[in-house]
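# mind looking at a prediction? Sequence and model below.
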Amino acid sequence: MNLLLQPYVMLEDGTVKFLEPCGSGCYQGEDVRLWVTYREGAEATAVEVRAQSGRPFHPDCAVGLLIKQIDHLQEYVTASSPYSDYNCWYAPQFETDLTKVKPMTQSILWKTEDDSYGMILCMSDGHFKSEMKGTEKGLEILLFDWFEGERSLSAPVCMLAEGENPFCLGEACVREGMKLLGKSPGGRQDRSYPPVLEKLGWCSWDAFQIRVSEDNLLKKCEELQEKGIPVRWILLDDMWGDCTDLEQAAGLDTVQEMLKIMKKSKLKGLEGDPKRFPQGLKHCVKEIRSRFGMEVGIWYPLTGYWLGIDEDSPLFSRYRDSLIKNPCGWYQPSWGEGDFYDDWNAFFEQCGISFVKIDNQSSHHFTKGMAPVGEIAKGYHRLLERSAKQHFSGQLINCMGLAPEDMWNRPESAVLRCSDDFQPENRAWFYTHILQCTYNSLWAGAFGWCDYDMWWTDDSQAVKNSLLRAVSGGPVYVSDPLGRSRKEVLEPLVLRDGTVLRCDRVGMPTKDCLFSHEPGRVFKVQNRCGEGGVIAVFNLYDAQARGRVSVSDIDGIEGDQFVLYEHFSKTFSIVSKEGQVEISLSGQDAVKLFLAVPYRNQFAPIGNPEKYISLKTIQSVQGERVRLKEPGRCAVVKKGELLIQEQRS
């Protein structure tokens, strides 16, 4: 697939030079030559650029490729940064006009008038990165490295893919792009999911924030144990550390005031806060592991803390050679060789920590101009993952790290946060959240498993949050405050031992929801489970929503006849793959969950009907004999009837 491109370069003084063709793939202007190459792969095409200039390129835009049009484009959805200067998160933008694409866009998925699809996915190597934006002339792809003085460059710009199946395009771009960069493992399917995240978890953030302490953590573990909630790991999130000014945040009236102080604080030491962890992290972790049998993870940001390392601390003196002073004027760990991350992780390992969550990853604007952005990102991820592999068997959650320079430069890690933070009791937030999670999965899910963040079981939107995570394919963890965890909300998600009933892929919108989600229409999310699949149905607005559900909504499912079983009503239909069921949701909190199971010889196993992803409760099926992974109710559809029996072993 070739695009109609008009290339230009921007020089260090801001001068833009549009170039004229001078041969196959070659363009030139005054003192500038540029070559655009299309490298065809088995599944996708790479666009690469080489350029030479007598004067240095601009660090914020060395080369631009202007796409004046995409033939027969009908509608599109992008992954665009919702912020003006910080591309750690992305959100969908729905449009038909390429000139309206927002700045800092990483991917665009479009549909043509003949019902085929295409995708552009921006790239980053160990030097440059690319982004897209709309201009009055069309869609521009910008290539830059945030580094001054460059007079020549050679870099991949983006991957292009097209086909009849929109759900394959992201994976095709990532697979071929990783091959081009010579990287292995490649995308999500080549990476190992962290074993600890196969179990149900709990996170300290929304429960405690500045009140996180050994006493409160142990009280929460006691509550979970007393209620019989099978949480198998907890995460010590932000504010556990020994940092400047954090105590000022205690007792403030609003979370916003607390966060302002947090963002201005610096790290003083590797240990926990001495007031809230008076016997040290090791004692706290030991108590949690020995008394409650839970594994413990810990959070920290790539920058050490939000404003780096305290210059007046012994920590600064000890690691001065491993720190850099960024252009903002404060110190953070270096992306080059150094002992900081490895020593911190070694300390955590000695404390009994099992995994880490590394935040603030796409913060490379803080080091802008110190080196090429791709080199900086690649260096950080090499250090972080090498250390996590040594101390935690590679078990880590990547967070605030969706920028291209991070996505393409992670060596092996497999899990990434794909949305802004959870906001308790915030209905407007859930609307944004479900769109971020599911649409980002179209491209980010090709790199790794998508983490939809924590949630509360007693939030008024708890059922919606639980159902969304059930179909995500990623980890499930909550952050309920003391006394507020509800076992009954979590039971449909897990087995008795806390094992999460995970789908096989990442959850994505159904094809008929890819480019629109207007009031009056249901919004559907689909995923696969073995030979079957699931469709979760939501109403994103207050008005009544209507729509249709079909087995064909589930990408890649095969078969002629299916049982379409609805979890909440415990009703079913026997349908062809293309058959449709009319549905209606009366309010914003109404949901439905459909399970699609091949119906062969008038038989279909459902599994434990009390669980959302009931197919994952099945251990084996031999003929019409179904064996569950644990005792419980077992449902099957046989000769047009729903039969439910108690299975005791």
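Everything's here; your move.
# ranges for the helices of the stretch 251-400 of the chain?
In the stretch 251-400 of the chain, the helices defined using DSSP state H, counting those that start in this stretch lie at 255-263, 280-292, 314-318, 340-351, 373-392.
# kindly report the same for the chain.
169-180, 205-208, 214-226, 255-263, 280-292, 314-318, 340-351, 373-392, 404-407, 427-440, 462-470, 487-490 (DSSP state H).
# what helices or strands is the second one leaning on?
Counting contacts by 3 or more CB pairs under 8 Å, 6 or more residues apart in numbering; DSSP states H and E, the secondary-structure elements packed against helix 205-208 are helix 214-226. Just so you know, the C-beta spots here come from the backbone N, C-alpha and C atoms, and that holds for glycine as well.
# where in the stretch 251-400 of the chain is pLDDT low?
For the stretch 251-400 of the chain, no stretch has pLDDT under 70.
# residues near the closest residue to residue 483 other than its chain neighbours, how many?
Closest residue to residue 483 apart from its sequence neighbours, by CB to CB, 6 or more residues apart in numbering: residue 223 at 6.4 Å. With neighbours defined by other CB atoms under 10 Å, the count for residue 223 comes to 18.
# and residue 333, by the same measure?
Using other CB under 10 Å, residue 333 has 24 neighbouring residues.
# surely residue 331 touches residue 321?
No - assessed by CB atoms under 8 Å, residue 331 is found out of contact with residue 321, at 11.6 Å.
# more neighbours: which of those two?
Neighbour tally, residue 331 and residue 321, criterion other CB under 10 Å: the higher count belongs to residue 331, 23 against 10.
# give the bridge partners for that one, please.
residue 309, residue 325 (DSSP bridges).
# OK, contacts around it?
304, 308, 309, 311, 316, 323, 324, 325 (CB atoms under 8 Å, 6 or more residues apart in numbering).
# is there a quick ChimeraX command that grabs whichever of these are buried?
Buried members of those, defined by 16 or more other CB atoms under 10 Å, are picked up in ChimeraX with:
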select :304,308,309,316,323,324
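# and which of the contacts of residue 331 is nearest residue 464?
residue 304 (36.2 Å; CB to CB).
# find the nearest non-adjacent residue to that closest one, please.
residue 267 (4.6 Å).
# any idea how far residue 151 lies from residue 9?
Residue 151 sits 11 Å away from residue 9, taking CB to CB, to the nearest Å as the criterion.
# swap in residue 600?
61 Å.
# more crowded one of these two?
Taking other CB under 10 Å, residue 600 and residue 9 do not tie; residue 9 has more neighbours (27 against 12).
# list the contacts for that one?
Per CB under 8 Å, 6+ apart, neighbours of residue 9: 16, 17, 19, 29, 32, 34, 51, 53, 57, 62, 63, 64.
# of these, grab the buried ones for PyMOL.
Typed into PyMOL, the line below selects the buried ones among the contacts of residue 9, using 16+ other CB under 10 Å:
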select buried, resi 17+19+29+32+34+51+53+57+62+63+64
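# out of the contacts of residue 9, who's nearest residue 344?
Checking these one by one against residue 344 (CB to CB), the nearest turns out to be residue 62, at 35.7 Å.
# which member of the contacts of residue 9 is positioned nearest residue 466?
residue 64 (44.8 Å).
# from residue 71, how far off is that closest one?
From residue 64 across to residue 71, the span is 21 Å (CB to CB).
# one step back: and the helices of the chain, which is most packed in?
Across the helices of the chain, averaging neighbours per residue (mean count of other CB atoms under 10 Å) puts helix 404-407 on top, at a mean of 27.
# quick revisit: the residue nearest to residue 483 reaches residue 482, doesn't it?
Yes - with contact defined as CB under 8 Å, residue 223 counts as touching residue 482 (6.4 Å).
# where do the contact lists of the two overlap?
In contact with both residue 223 and residue 482: no residue, using CB under 8 Å, 6+ apart.
# hang on, the earlier thing: and residue 570, which of the helices of the stretch 251-400 of the chain is closest to it?
Closest to residue 570 of those, according to CB to CB: helix 280-292, at 34.9 Å.
# ok and that closest one relative to helix 214-226, angle-wise?
Orientation check (axes from the mean of the first three to the mean of the last three CA atoms, to 10 degrees): helix 280-292 against helix 214-226 gives 20 degrees.
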